[in-house]
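*Asks:* give the three-dimensional model of this entry:
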Amino acid sequence: MRRLLAALLALGALTGCSGSPAPAASAPAADLTRADRGAVRQGGTLRWAVDQVPADLDVYTADAPPDTALIAHAVLPSLYRLDEHARPVPDPDYLAGAQVAGRTVTYRLNPKAMWSDGTPLSAADFNAQWTALRDSHPGYGAIESVAPGADPHQVRVVFRQPYAQWQALFSPLDPAAGRLTAGPFAVGTLDAKNGRATLVRNPRWWGDPPKVDEIDFLATSDRLAALQTQQVDVAALEGTVDHPPTAKSADALDSATQTLRRAEALPGITLHRAAAPSFTQLTLNGARGPLADTAARRALAALVDRGKLAQAALGPLGVAAAPLGNHLLMTDQAGYHDDGTVLGSSAKPLHLTLDLIYPDDSATARRTADALTAQLAPHGVTLHARALPVAGFVHDHLAAGDWDLALFSWPATAFPAVDERPLYAKPRPGPDGRPVAGLNYAGIGTDEIDGLFDQAAAEPDQARQIALLQRADQRIWEIGHSVPLYQRPELVAVRTGVAGAGAYGFGWPRYQDLGFLR
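*Replies:* Model (predicted):
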């Protein structure tokens, strides 16, 4: 739960909301400068812009900076990688295979995989990670025991009950012995104060040798200037485009569009576009006010034209404006289905006056709020939109519940049965008897929805698991909890001649393949 909240804070709000699911092409799941390893020359330093260099590479702490995982994946083992469609794929550099028998998963580690001190990956590392995270992470809390298998390269993990999301665990895997690494790269410097992390080739690496000598991750505020002056080679630009200096003013959309055009015009730069692993939604506060009535929430949600709002939000960014119709699965994930049609249509005026909040640093959020206000007005719904400071948006307002409608973003996940349950879990009475919403900011839920999440988390058959998630999503629509809008765009600038970089979607770089074309 803490990691979800941290991710929400990190996403800020490229925001925007249900109506007719107009057919539209989705943005690609990934967009990279692809090349065979043989076409990539040996040597060189790749410079990568980040928002903040972390003080350590612990991705499991609630306050880990967003770029922590980007750097950690270059130096720490991940038993499973996610492909661009959020499907877990075993990484043979670390995992030779895995077998599931009831509640037990037996991992067979690659015998060549070792930490930077020469010790092999082992059950001790798995046990240390389980011990550290079992009280704070639901996946690790589902484990009953961790023990060595039949030989030193086997690890046997026993769950308290069948746990279908086991592939989400131990990726990345932290060492039991402290500050060690086990990736194609090792940490040369990690300087949070001066905003620089330098990764160098790992001399003990057993897989395909890295192409570049070093990767420099540089904390960079002015991404466009850094690209223009050739200080960096790779830079994500969605934040630069969505948070221009004038995001709080009336010309925010023009400013965002101009920023995008400047990026596209940079010489020697290709702008890659893909659907990001995050989505924007309109949340309806069912815990108070006029939207405490289920019929009112359903009627309001049915009035929202997701297709038009997606076009208003994403069209100016040159990204395919496909509306999102599922709370739990993104358009590029297996099993995606637009369940928003369960609402039907509403032609009855509602005669409601509602408060709408959104973060004030997002040009797209402002544009979406304006479009939504205009869209609902003819149906008797008057919106009073409030742009609130992003620094206190979650804690001071969203969690406090002093609103009727809220526009904000959530991270998407490859394992929604576990990771997204807190967003829709039925509030339970706290010590004082009052319901505790947690991350379910709508303040409403049902025992049936909770049960469907729990069944999906324990269901090993993918088809049956997806069917359970579809039922849960339909029930979330039916209670008028929220309206998913669209996947956020991922915009990444890559210098010409750099191979293997771009917009990865759910995935992440294969660091040993990054380099410069011959």
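*Asks:* mind listing the residues bridging to the residue most central in space within the chain?
*Replies:* For the chain, Pro411 is the residue whose C-alpha lies nearest the centre (Cα atoms, centre = their mean; 3.4 Å). In this entry, Pro411 is beta-bridged to Ser278, by DSSP bridges.
*Asks:* you'd agree it is up against Ser278?
*Replies:* Yes - Pro411 is in contact with Ser278 according to Cβ atoms under 8 Å; the separation is 4.9 Å. For glycine as for every other residue, the C-beta is placed from the backbone atoms N, C-alpha and C.
*Asks:* before we move on, the earlier item: from Asn326, how far off is the residue nearest to the centre of the chain?
*Replies:* 15 Å (Cβ to Cβ, to the nearest Å).
*Asks:* about what we covered before: pLDDT wise, what is the residue nearest to the centre of the chain at?
*Replies:* Per-residue confidence (pLDDT) for Pro411: 94.
*Asks:* one more: the one 4 residues further on?
*Replies:* We have a pLDDT of 96 for Phe415.
*Asks:* so what's the nearest residue to Glu238 once chain neighbours are set aside bridging to?
*Replies:* Leaving aside its chain neighbours, Glu238 sits nearest to Leu491 (4.6 Å; criterion: Cβ to Cβ, 6 or more residues apart in numbering). Following DSSP bridges, Leu491 is listed with bridge partners Arg273.
*Asks:* list the residues that contact Leu491.
*Replies:* Neighbouring residues of Leu491 by Cβ atoms under 8 Å, 6 or more residues apart in numbering: Ala236, Leu237, Glu238, Val241, Leu260, Ala263, Leu271, His272, Arg273, Leu317, Val319, Ala503.
*Asks:* the residues you listed in helices, which ones?
*Replies:* Within these, residues falling in helices by DSSP state H are Glu238, Val241, Leu260, Ala263.
*Asks:* how far away is the first one from Met114?
*Replies:* By that I understand Glu238. Taken as Cβ to Cβ, the span from Glu238 to Met114 is 37 Å.
*Asks:* quick check: Ile476 touching Gln470?
*Replies:* No - between Ile476 and Gln470 there is no contact, the gap being 10.7 Å when judged by Cβ under 8 Å.
*Asks:* ok, those two, which is more surrounded?
*Replies:* Counting neighbours by other Cβ atoms under 10 Å for Ile476 and for Gln470 shows that Ile476 has the greater number, 26 against 19.
*Asks:* who's in contact with that one?
*Replies:* His327, Tyr424, Ile449, Ser482 are the contacts of Ile476 under Cβ under 8 Å, 6+ apart.
*Asks:* pull out the buried members of those residues.
*Replies:* With neighbours counted using 16 or more other Cβ atoms under 10 Å, those contain these buried positions: His327, Tyr424, Ile449, Ser482.
*Asks:* farthest pair within the residues you listed?
*Replies:* Ile449 and Ser482 (12.4 Å; Cβ to Cβ).
*Asks:* quick one: Ala472 and Ala456 touch, right?
*Replies:* Yes - under the criterion of Cβ under 8 Å, Ala472 makes contact with Ala456 at 6.9 Å.
*Asks:* neighbour count for the two, which is higher?
*Replies:* Ala472 (28 against 25).
*Asks:* isn't Gly380 up against Leu352?
*Replies:* Yes - using Cβ under 8 Å, Gly380 is in contact with Leu352, at 6.8 Å.
*Asks:* and the two? which has more neighbours close in?
*Replies:* Counted by other Cβ under 10 Å, Gly380 and Leu352 do not tie: Leu352 has more neighbours, with 18 against 13.
*Asks:* which residues touch the closest residue to the more buried one other than its chain neighbours?
*Replies:* Excluding its sequence neighbours, the residue lying closest to Leu352 (Cβ to Cβ, 6+ apart) is Val381, at 5.0 Å. By Cβ under 8 Å, 6+ apart, the contact list for Val381 reads Leu300, Leu303, Leu350, His351, Leu352, Thr353, Leu354.
*Asks:* mind listing the helices for the stretch 51-200 of the chain?
*Replies:* 68-75, 123-133, 138-141 (DSSP state H, counting those that start in this stretch).
*Asks:* now the stretch 351-500 of the chain
*Replies:* 363-376, 416-419, 421-424, 447-458, 462-478.
*Asks:* OK, contacts around the residue nearest to Ser78 when sequence neighbours are not counted?
*Replies:* Once flanking residues are discounted, Ser78 sits nearest to Ser171: 3.9 Å by Cβ to Cβ, 6+ apart. Contacts for Ser171 were tallied using Cβ under 8 Å, 6+ apart; they are Pro77, Ser78, Leu79, Tyr80, Arg81.
*Asks:* equivalent analysis for Asp174, please.
*Replies:* Asp58, Tyr60, Leu76, Asp125, Ala128, Gln129, Ala132.
*Asks:* how many neighbours does the last one have?
*Replies:* So the one you mean is Ala132. 15.
*Asks:* what's near enough to touch it?
*Replies:* By Cβ under 8 Å, 6+ apart, the neighbours of Ala132 are Tyr60, Asp174.
*Asks:* let's see it at 6 Å
*Replies:* Contacts for Ala132 were tallied using Cβ atoms under 6 Å, 6 or more residues apart in numbering; there are none.
*Asks:* same check, this time on the fifth one
*Replies:* Contacts for Ala128 (Cβ under 6 Å, 6+ apart) come out as Ala176.
*Asks:* okay, domains of this protein per the record?
*Replies:* In terms of domains, the chain is parsed into 2-26+275-489, 77-182 (source: automatic domain parsing).
*Asks:* looking at these, which is buried most?
*Replies:* domain 2-26+275-489 (a mean of 20; mean count of other Cβ atoms under 10 Å).
*Asks:* any idea how far that domain is from the chain center?
*Replies:* Centroid separation between domain 2-26+275-489 and its chain, computed with Cα atoms, centre = their mean, to the nearest Å, is 15 Å.
*Asks:* one more: stretch 223-237?
*Replies:* Relative to where its chain is centred, stretch 223-237 has its mean C-alpha point 23 Å off (Cα atoms, centre = their mean).
*Asks:* would you mark the buried spots in it?
*Replies:* Arg223, Leu224, Ala226, Leu227, Gln228, Gln231, Val232, Asp233, Val234, Ala235, Ala236, Leu237.
*Asks:* and which of the residues you listed is nearest His85?
*Replies:* Ala236 (20.4 Å).
*Asks:* for the nearest residue to the closest one once chain neighbours are set aside, what are its contacts?
*Replies:* Leaving aside its sequence neighbours, Ala236 sits nearest to Val492 (Cβ to Cβ, 6+ apart; 5.1 Å). Val492 makes contact with Ala236, His272, Gly502, Ala503, according to Cβ under 6 Å, 6+ apart.
*Asks:* turn these into TSV, columns for pLDDT and distance to Thr189.
*Replies:* Below are those laid out as TSV (pLDDT from 0 to 100; distance: Cβ to Cβ, whole Å):
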residue	pLDDT	distance to Thr189
Ala236	96	22
His272	95	28
Gly502	97	26
Ala503	96	27
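*Asks:* selecting buried members of the residues you listed in PyMOL, what would you type?
*Replies:* Buried residues within the contacts of Val492, by 16+ other Cβ under 10 Å, are selected in PyMOL with:
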select buried, resi 236+272+502+503
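*Asks:* and the contacts of Val492, which is closest to Ala385?
*Replies:* Ala236 (28.1 Å).
*Asks:* ok, that closest one to Tyr163 distance?
*Replies:* Separation of Ala236 from Tyr163 (Cβ to Cβ): 33 Å.
*Asks:* and for Ala400?
*Replies:* Counting by Cβ to Cβ - Ala400 and Tyr163 are separated by 35 Å.
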